[in-house]
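In: Fold the following and give me the result.
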Amino acid sequence: MNKHRPIGFFDSGLGGISILRETFARLPGEDYLYFGDSLNAPYGVRSVEEVTTLTCDAVDKLVEQGCKAIVLACNTATAAAADLLRKRYPEIPIIGTEPALEPAVQRHPGGRILVLATAMTLKEQKFLDLWEQYRHEAEIVPIPCSGLMEFVEQGILRGEELESFLMEKLMPYMKVSVDAVVLGCTHYPFLRGVIRRLVGRSPEILDSAEGVARHLHKRLLQTSLLNDRENGGTVTFQNSLDGPEILELSKKLLQYEEDAE
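Out: I've put the predicted structure just below:
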């Protein structure tokens, strides 16, 4: 396979751009093709069968466009379809996403860790397996935040309405000291500044972007698909809504400078 082909990114909407940003910073010589399925978002309220079908259809289209590797920049899509896609495309690296629970436990053994995610992600076997693996090493508190990703899809990254929504979700869990907050949905890193203001300065806030980018880099090296350009890569956005507004918001999120922690 040609190493100069693009890397395909898929998410149920715009959240995966948080992982694309980290990957582009780490691998600036690669070309990227990002497809967001905002028309069918959120995936967290759909059945596993629906999510699997939507994810596979989207990835099929990315492969048809010549992508040499695929990043499932969505926890829900990863849990539903990653194994199936790896069987369908054994020659293509398929990189999934999961909540950054392992690094949170490693950095805060015995600590109290909040995991913010969609209700579906928290019910999926992939998360339950993670929880079972680490529940004896730290106090892990899952917090379903269905409805939160829609703020990002609408371009609402700050403001009173968002803060009120997050306060209602978080405050019942802030009465006891928190050591870390895991952002278990790829949309949530765009809300890091608001979350930081609500949880205070002490808890570490972790997301999956660095781990996914590092894993992709490793797999590209292993399969001799790493582009040898040092920079000059491009990013192309596609979206199932196929309107200028959603594509413009995608570009803004790629360049978004989050609030300082």
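In: pLDDT below threshold where in this protein?
Out: 258-261 (pLDDT under 70).
In: at 50 instead, please
Out: 260-261 (pLDDT under 50).
In: Against G44, how distant is the residue nearest to the spatial centre of the chain?
Out: A centroid search over the chain (C-alpha atoms, centre = their mean) returns T186, at 2.7 Å, as the residue closest to the centre. Noted for T186: a distance of 12 Å to G44, by C-beta to C-beta, to the nearest Å. Quick note: C-beta positions are derived from backbone N, CA and C, even for glycine.
In: and what of G36?
Out: Counting by C-beta to C-beta - G36 and G44 are separated by 15 Å.
In: Give me the more crowded residue out of those two.
Out: Higher neighbour count among G36 and G44: G36, with 29 against 24, using other C-beta atoms under 10 Å.
In: Can you give me the neighbour number for the closest residue to that one other than its chain neighbours?
Out: Leaving aside its sequence neighbours, G36 sits nearest to N239 (C-beta to C-beta, 6 or more residues apart in numbering; 4.6 Å). Neighbourhood size, N239 [other C-beta under 10 Å]: 19.
In: residues contacting N239?
Out: Applying C-beta atoms under 8 Å, 6 or more residues apart in numbering, one finds that N239 lies in contact with 35-39, 246-247, 250.
In: and if we set it to 10 Å?
Out: 13-14, 34-39, 245-247, 249-250 (C-beta atoms under 10 Å, 6 or more residues apart in numbering).
In: Quick check: buried residues in whichever strand or helix holds Q106?
Out: Assessed by DSSP states H and E, Q106 sits inside helix 101-107. Residues 101-105 are the ones in helix 101-107 that count as buried (16 or more other C-beta atoms under 10 Å).
In: and those residues as JSON lines, adding distance to A82?
Out: Putting those into JSON lines (distance: C-beta to C-beta, whole Å) gives the following:
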{"residue": "L101", "distance to A82": "17"}
{"residue": "E102", "distance to A82": "17"}
{"residue": "P103", "distance to A82": "20"}
{"residue": "A104", "distance to A82": "21"}
{"residue": "V105", "distance to A82": "22"}
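In: Narrow the contacts of N239 to just the buried residues.
Out: 13-14, 34-38, 246-247, 249-250.
In: List the ones among the residues you listed that fall in strands.
Out: Here DSSP state E is the test, and these give 34-36 as lying in strands.
In: Would you tell me which one of these comes nearest to T234?
Out: For these, the closest approach to T234 (C-beta to C-beta) belongs to Y34, at 11.0 Å.
In: Next, the nearest residue to that closest one once chain neighbours are set aside: phi, psi?
Out: Computed as C-beta to C-beta, 6+ apart, the closest residue to Y34 that is not its neighbour in sequence is F9, at 4.3 Å. The phi/psi pair for F9 (degrees, to the nearest 10) reads phi -120, psi 140.
In: just G44 next, same as before
Out: Dihedral angles (degrees, to the nearest 10) for G44: phi -60, psi -20.
In: what residues are up against it?
Out: Applying C-beta under 10 Å, 6+ apart, we find G44 in contact with 12, 51, 74-76, 117-123, 144-149, 185.
In: what's the spacing between it and D129?
Out: On the measure of C-beta to C-beta, G44 and D129 end up 19 Å apart.
In: What ranges does the stretch 101-250 of the chain have for its strands?
Out: 112-117, 139-144, 180-183, 204-206, 235-239 (DSSP state E, counting those that start in this stretch).
In: Secondary structure element for D83, which one?
Out: Per DSSP H and E: helix 75-88 holds D83.
In: list the helices and strands the helix or strand following that helix packs on?
Out: For helix 75-88, the following helix or strand on the C-terminal side (DSSP H and E) is strand 94-95. Here strand 94-95 touches strand 7-11, strand 69-72, helix 75-88, helix 209-222, going by 3 or more C-beta pairs under 10 Å, 6 or more residues apart in numbering; DSSP states H and E.
In: Of those, which stretch is the most buried?
Out: Mean neighbour count (mean count of other C-beta atoms under 10 Å) peaks for strand 7-11 among the helices and strands packed on strand 94-95, with a mean of 28.
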